[in-house]
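*Asks:* From the sequence below, what's the structure:
(2 chains)
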Amino acid sequence: GAVVSQHPSRVICKSGTSVKIECRSLDFQATTMFWYRQFPKQSLMLMATSNEGSKATYEQGVEKDKFLINHASLTLSTLTVTSAHPEDSSFYICSVRTGSSYNSPLHFGNGTRLTVT
Amino acid sequence: GESVGLHLPTLSVQEGDNSIINCAYSNSASDYFIWYKQESGKGPQFIIDIRSNMDKRQGQRVTVLLNKTVKHLSLQIAATQPGDSAVYFCAETGGYQKVTFGTGTKLQVIP
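*Replies:* As a prediction, this is how the structure comes out:
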C-alpha cells in the first residue's frame, strides 16, 4: 500500500497567490521528509529537507522565504509556494525514508502538478 | 560538483527482450544506490537497491550490478513487458540524508 500521500495532485493558481501542498506519511512516523522538484523531462532536484519540530534545511539556490516548509507533526509536512509566478510551475514531490538508516530507500508521494497562470 | 548521470536518454526494447539501463556516478563516497521507476504524472517508485559491499543484487525480473572500480551502475530487466515502459532513475547517497538522482532514461517497450 501507499506509504506517502500527497495533496492536491494538481493545482492551478494565479500569479501572486500562494499554494500549500501537503505530504502525509501513512502508518509511519517520519522525523524527516524530503521535498523535490521536477521540471518536464528532467530529473528530481532536492529542494529541502523537512525536519519535524525544527527548521527545514534548504538546498543551495532554493529560497526559503518563497518555499515555506512546516513539519509540525511526525506524519505531516507542508510546502507553501508563496507569491507564485509562472516559473514556479513544476511537479513537486515529497518523500520519506521508512528505515532508520540513510541506506534505506526513499518512498515518494504521487506528486503535485503546480501550474501558475 | 558531484553528480550522477546516465549514458542513454532513451532506450527502445522489443517486448520479451531484456533491457539494460546504465548509470555512471562520480561521488566516490557514495555507498548506497537505488533504482526508481517513474510513470507519467506519478512519483518515483522504488525498484531495487544495492549497497557498496555488494556487486550484484537480484529482485523479481530485475538485477542491479555495481562496479565500484569504474563507478558504474546498471539495471537489468528480464523479459521486458509493456508495463515496464517508464523513466528510470538511478540515485545515490553516502552517509548523509541527501539522495541525488541521475538524469533518467526513458524505456520504451515495443509490442
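
*Asks:* only C-alpha atoms for contact and neighbour calcs from this point on.
*Replies:* OK.

*Asks:* Can you get me a residue count around whichever residue of chain B sits closest to chain A?
*Replies:* The minimum distance from chain B to chain A, using Cα to the nearest Cα, falls at B:Gly43 (4.2 Å). Number of residues near B:Gly43 (other Cα atoms under 10 Å in any protein chain shown) recorded here: 23.

*Asks:* Quick check: B:Val62 touching B:Leu75?
*Replies:* Yes - using Cα atoms under 8 Å, B:Val62 is in contact with B:Leu75, at 6.9 Å.

*Asks:* who has more neighbours, those two?
*Replies:* B:Leu75 (25 against 18).

*Asks:* for chain A, what are the nearby residues on chain B?
*Replies:* By Cα under 8 Å from any Cα of the partner chain, the part of chain B that sits against chain A consists of B:32, B:34, B:41-46, B:49, B:51, B:89, B:93-104.

*Asks:* pLDDT weak spots in chain B?
*Replies:* Across chain B, the ranges flagged by pLDDT under 70 are B:1-8, B:95-97.

*Asks:* Apply 80 and report the result again.
*Replies:* For chain B, the stretches with pLDDT under 80 are B:1-8, B:94-97.

*Asks:* can you check chain A too?
*Replies:* A:1-2, A:27, A:98-103.

*Asks:* Nearest to the spatial middle of it, which residue is it?
*Replies:* Nearest residue to the geometric centre of chain A (Cα atoms, centre = their mean): A:Trp35, 3.5 Å.

*Asks:* residues in contact with residue 19?
*Replies:* No chain specified, so I'll use chain A. A:Val19 makes contact with A:Cys13, A:Thr80, A:Val81, A:Thr82, A:Ala84, according to Cα atoms under 8 Å, 6 or more residues apart in numbering or on different chains.

*Asks:* Switch to chain B, please.
*Replies:* B:Ser19 neighbours (Cα under 8 Å, 6+ apart): B:Val13, B:Leu75, B:Gln76, B:Ile77, B:Ala78, B:Ala79, B:Thr80.
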